[in-house]
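# When you get a sec, could you give me coordinates for this:
(one chain, ligands or ions: 2)
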Amino acid sequence: MRHNFKVIEKKWQKKWEDAKVFEAQDFSDKKKFYGLVEFPYPSGAGMHVGHIKAYSSVEVVSRKRRMEGYNVLFPIGFDAFGLPTENYAIKTGTHPRQITDQNIARFTEQLKRVGFSFDWSRVIDTTDEKFYKWTQWIFLKMFEKGLVFRDTALVNYCPSCKVVLSNEDSQGGKCDICHSEVVQKSKTVWYLKITEYADKLLQGLKDVDYPANVKQQQENWIGKSTGAFVNFDVDGTDEKLQIYTTRPDTLFGVTFMVIAPEHPLIDKYADKITNMDAIKAYRTECQKKTEFERTQLVKDKTGVKIEGLMGINPMNGKKIPIFIADYVMMGYGTGAIMAVPAHDQRDYDFAKAFGIDIIQVIKGGDISKEAYTGDGEMINSEFLNGFTNKKDSIARMVEEIKKMGVGEAGVQFKMKDWAFNRQRYWGEPIPLVHCPSCGVVAVPYEELPLELPDVKNFEPGEDGESPLAKIDSYVNCKCPKCGGDAKRETDTMPQWAGSSWYFLRYIDPNNDKAFADRKKIDYWMPVDWYNGGMEHVTRHMIYSRFWHRFLYDLGEVNTPEPYAKRTIQGLILGPDGDKMSKSKGNVIDPLDIVEDYGADTLRTYVLFMGDYAAAAPWSDSSVKGCKRFLERVAGMTDMVSDDPSTDALEVSFHKAIKKVSSDIEETKFNTAIATLMALTNTVYSAGKLSKEQLEIFIKLLCPFAPHLTEEIWESLGHEDFLSVSAWPQYEEEKTVDATIEIGVQVNGKVRGTVLVAKDEDKDAVLARAKEIVADKLTGNIVKEIYVPGKIVNIVCK
Ligand code: ANZ
Ligand code: ZN
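Ligands and ions are numbered 1, 2, ... in the order given. The predicted model follows:
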C-alpha cells in the first residue's frame, strides 16, 4: 500500500465523525478516563505548531485508553474573552463577537484536520452566555461567602492596555499581554480572596502527581513563611508597632526599625514627627517605582529617618530609630520590620548607608564585610547565649515573647489577593449593583446570565474606565434589594475567569439548571491527566485550583483537587533555535505541514522531536524522516506472509509492545516512536511479517498516526475501527531474547563478551567465559560470579 495521506486523512476524519467514535458516554461500566488539554485562545493568527504538540500528548494517551477499554472524555473548547480580540475589534471596527466566531470556526477546522480525537459534541466557548452564566454564578457564590471585596490600593496598571493587572499577570514588572512596563496606580479594584486558600493550595500539592518543578513553582508563588509577630512600643505613645520576622532569634541584634513608606503610623503621628516634608517627598519618590524594582537586591538603600518617633526593643528596653524605606513593602507581613544589620544583607546595606550600629548575635562570617546569614552559636543575647542553632534559638525566643506578652508565632504568604477586574468590554460582566442605600448588592441568581450589552463602541475610557460605563441603559438599574435607583458595576472579569472552571462544564455542557449535574461530576472528576504549558503554572493552574477548592468547600464537587496529574510540554523553537515569532519570520504553520506531508506525519513529528518536556528546534529533515517512516509502514502491507519463519520476529514484537506501552505512560513519546521505527527496520530486514504482527504494529502506532493505521486495518479486512480495537498485550517471558551478549569482567574490568542462552546453566556460561578471557587470567581464580543475563565476573589473585 502507498501512503496516500491526501485521500485517507479526509476519509477517516469523516468516518470517525459520522460514527461518533470519540464521543464520551456519561456513565458506563467501563473505567473512566478524563484527559484534558489547555483550551486555546482563538486568536486571529490561527493555530500554532505549539498547540499541536501540547494536545498530542493527551491525545495519544486518550487514544491508548480507548483501546484499553476505558470510557474516555477528551474534550476541547475555546477560551475566547480577552484583550487581543478586543484590541483587534477596535482596530478594525468589527464586533468582538463576530471576530470570535470567525476565529473559532477556523480553529475548529484546523483541529479537525489534524485528526485529534476530541469529543466535538461537548465544545464550549467561554464567551457564550450559556457558559458565562455559570462563571457569574460561581463569582456570586464567592461574593456570598465573603471572598469578593473591593479596595482602593496601589495596583499594577498597564498604561498601554489601560487595565489593572493581577500580580500573576505582571510578573517581572511587565504586562503579560503587551510586555509594557507596568506602573503603580491607585485604583479601586475588586479582589478575590485567594489568600484565604493559600494553605489549602499548598497542602493540596501533596496529593497530586505534578512534575517536581511545577510543584516547586507553585510552592514558591504561594510562598509560605514561618516566623513571628512582635510588638514594639513606640516611645511616648500607646502605640504597639507590630513587625513580622522570620528570625525572632536575632531580636537582641535589632538596632533600628523600618516601616513601609505607605505605613499608616506616619499620618497617625504626623503632629509628633518633625520632618514630615522630607518624609512626604520620599513617599512621592517611591510611588514612581514598581514593587518589582523595590524588591530587587540593590546595594544603594534609600530611606528617611522619622524624627520624633523611637521604637523600643522589647528584649532590652533600648530605644531605636524608626526609618521609612522602600525596601519594606506595605503589602507583606505588617509593613514594618525589625532590622538586624548583622544578619540580614538588606538591613546591613541600609545600616552602612545611614551609619547605624551593627550588633552581632550569631558567631560566624566577617561582619566588617557583609551580613552573616548562616547558622551558629548565639552571643550578646542574654538567655539565648550558648544556643547553637537557629531552630532551637527561634523556639526559645518565641516562648519568651509569648511569656512577655509581646508577640507570638505566625505564618505569612507571599501570594496576594487576586485583582479580579478589567476595565474593558470583552469579558464577563461582574454581576454586582451599587445601591446608594444598600451598598454593593448581588444580581439575583435567577437573573443570570447578566449579558454583555451589544454596543457599537467598545473603546476603553481615557483614564481606564470601562466602556460599559458609557452605556446608560446598562448602568442604570434598580437595586435588587430595595428597588431604588442603583448603578451596575461596569468592570468585567479578567481573562482567567472562564478557564478557572471550564473543565467542569465539559462534563455537562448543555445543562441550564447547574454548571454540571452532580452525578456526572462524581463520575468524571477528577481530571486524570492535564497537559499544558509552564507559563500557566503560577496563574491558570493556581486560579483554577482555587476555584475548584472553593466549589469543593461549598459541597458542589467531589474532589478537593481538580487535576490528578499534570504534564508539561516544551516549546517548539524555530529551525534557527529562536522562539517562534511573527517578527522573526520563523513561524511554522501546522496546516502547511498537513498539506505537504499529512496530519499523521505532523502528529508523529511533534512527539518525535525530543524529550516532550524540553524545548526543541523545528527540523524539516526530521519531518521528512517521519514521513518516510510512515511510507515504510504502509509498505509493510505488501510483506504479510503466513510463512512460519515470521516467528523469529516474536521477541521484537513483545519487546515493542512493552516499551511503547510504558513510554506513553511516561510521556517518552520520542522513544516510543523510535522503538516502532527500529521494529520497522527489523521487519524490513526479515522481508516479511505475519498478519497478526502487522496488526500489533498498527495498534501501537495508531495513537500517533491514526489515519494511516485505520486504512491498513481496513485493508486487512476489518470492518470495525482500529481506534477502538484492543491494545496489544505482551508476555514478559517473550520480551527476553533467546540469546544475548553479556560482558565478562576480570578483576572488575570488562575483558570480553560471551553469548548466553536465556536459561543457560551457570557452569556452562562460566566455562565458556573463562575460555574467552583465558589470556587475561593471571594467578589463581578466587571467585567466579554469573549474574544471569547480565554479567560474568572473575576475580584472580
Ligand atoms: C528580622 C530579620 C533578621 C529578618 C534576619 C531576616 C533576617 P520572608 O522569608 O520573605 O518571609 N520583612 C518582613 N516584612 C517585610 C516587608 N513588608 N517588606 C520587606 N521585608 C520584610 O522574609 C521575612 C523577613 O523579611 C523578615 O524577617 C523581615 O526581616 C523581612 F537576620 O526580620 B526579618
Ligand atoms: Zn438598595
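
# so who does the residue positioned nearest the centre of the chain touch?
The residue lying closest to the centre of the chain (CA atoms, centre = their mean) is V537, at 2.2 Å. Going by CB atoms under 8 Å, 6 or more residues apart in numbering, V537 touches 214, 217-218, 221, 568. The C-beta positions use only the backbone N, C-alpha and C, and glycine is treated the same way.

# Try it again at 6 Å.
By CB atoms under 6 Å, 6 or more residues apart in numbering, the contact set of V537 is 214, 217.

# let's number from 51 now, not from 1
Yes, from this point I'll number from 51; that puts the last item at V587.

# and this protein, which of its residues are near ligand 1?
275, 294-297, 300, 377-379, 382-383, 385, 387-388, 390, 393-394, 462 (CB under 6 Å from any ligand atom).

# ok, of those residues, which come out buried?
Among the residues of the chain next to ligand 1, those classed as buried by 16 or more other CB atoms under 10 Å are 294-297, 300, 377-378, 382-383, 385, 387-388, 390, 393-394, 462.

# ok, so of these, who is nearest ligand 2?
When these are compared for distance to ligand 2 (CB to the ion), G385 wins out at 35.2 Å.

# Without its sequence neighbours, what residue ends up closest to the closest one?
Leaving out its chain neighbours, the residue that sits closest to G385 by CB to CB, 6 or more residues apart in numbering is A310, at 4.2 Å.

# Hmm, Y377 and that neighbour touching each other?
No. Counting by CB atoms under 6 Å, A310 does not reach Y377; the two are 9.1 Å apart.

# can you confirm V804 is in a strand?
Yes. V804 sits within a strand when classified using DSSP: H, G, I helix; E, B strand; the rest coil.

# Taking the stretch 201-350 of the chain, what residue is nearest to ligand 2?
For the stretch 201-350 of the chain and ligand 2, the shortest gap (CB to the ion) falls at W240, measuring 19.0 Å.

# Could you look up the SS state of that residue?
W240 - assigned by three-state DSSP - is strand.

# now D770
coil.

# so how far is M117 from it?
D770 is 12 Å from M117, where distance means CB to CB, to the nearest Å.

# Between those two, which has more neighbouring residues?
Legend: neighbour count by other CB atoms under 10 Å for D770 and M117, higher for M117 (20 against 11).

# wouldn't the more buried one be in contact with W777 here?
Yes. Counting by CB under 6 Å, M117 touches W777, with 3.9 Å between them.

# Tell me the helix or strand right after the worst-scoring helix or strand of the chain on mean pLDDT.
Sorted by mean pLDDT, DSSP states H and E, the helices and strands of the chain end with helix 341-345, the least confident at a mean of 75. For helix 341-345, the following helix or strand on the C-terminal side (DSSP states H and E) is strand 354-362.

# which helices and strands sit right next to that next one?
With contacts taken as 3 or more CB pairs under 6 Å, 6 or more residues apart in numbering; DSSP states H and E, strand 354-362 sits against strand 274-284, helix 326-337, strand 369-374.

# Tell me how many other residues crowd the residue nearest to G385.
25.

# for the one 4 residues further on, same thing?
Counted with other CB under 10 Å, the neighbours of P314 add up to 11.

# Distance check, it against ligand 1.
14 Å (CB to the nearest ligand atom, to the nearest Å).

# for K250, same thing?
Counting by CB to the nearest ligand atom, the gap from K250 to ligand 1 is 19 Å.

# how about the helix or strand that residue falls within as PDB, C-alpha atoms only?
Per DSSP H and E: K250 is located in helix 248-254. Presented in PDB, the C-alpha positions along helix 248-254 are these (Å, rounded to 0.1, in the frame of the first residue of the first chain):
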ATOM      1  CA  ALA A 248      -3.100  29.800  50.400                       C
ATOM      2  CA  ASP A 249      -2.600  27.000  52.900                       C
ATOM      3  CA  LYS A 250      -5.100  24.700  51.200                       C
ATOM      4  CA  LEU A 251      -3.500  25.300  47.800                       C
ATOM      5  CA  LEU A 252      -0.200  24.400  49.300                       C
ATOM      6  CA  GLN A 253      -1.400  21.300  51.200                       C
ATOM      7  CA  GLY A 254      -3.300  20.100  48.100                       C
END
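
# list the helices and strands it packs on?
If contacts are counted by 3+ CB pairs under 6 Å, 6+ apart, helix 248-254 sits against helix 262-272.

# give me that answer again for 10 Å
helix 262-272, strand 274-284, strand 457-463, helix 590-603 (3 or more CB pairs under 10 Å, 6 or more residues apart in numbering; DSSP states H and E).

# any weak-confidence spans in the chain?
Counting by pLDDT under 70, the chain has low-confidence residues at 347, 349, 512.

# And it, split by domain according to the record?
79-175+546-623, 186-256+467-538, 274-463, 640-784, 787-846 (automatic domain parsing).

# right, so the helices and strands packed on helix 248-254: which one is the most enclosed?
Using mean count of other CB atoms under 10 Å, the stretch among these with the greatest mean number of neighbours is helix 590-603 (a mean of 22).

# need the next SSE after that one, C-terminal direction.
strand 616-618.

# can you count the residues close to the closest residue to C488 other than its chain neighbours?
In this structure, C488 finds its nearest non-sequential neighbour in K531, 4.5 Å apart by CB to CB, 6+ apart. Number of residues near K531 (other CB under 10 Å) recorded here: 15.

# Correct me if wrong: K531 contacts H484.
No. Counting by CB atoms under 10 Å, K531 stays clear of H484, with 11.6 Å between them.

# Quick check: neighbours shared by the two?
Shared contacts of K531 and H484 (CB atoms under 10 Å, 6 or more residues apart in numbering): V491.

# quick revisit: quick one, what contacts the residue nearest to G385?
Listed by CB under 10 Å, 6+ apart, the contact set of A310 reads 316, 333, 336, 344, 374-387.
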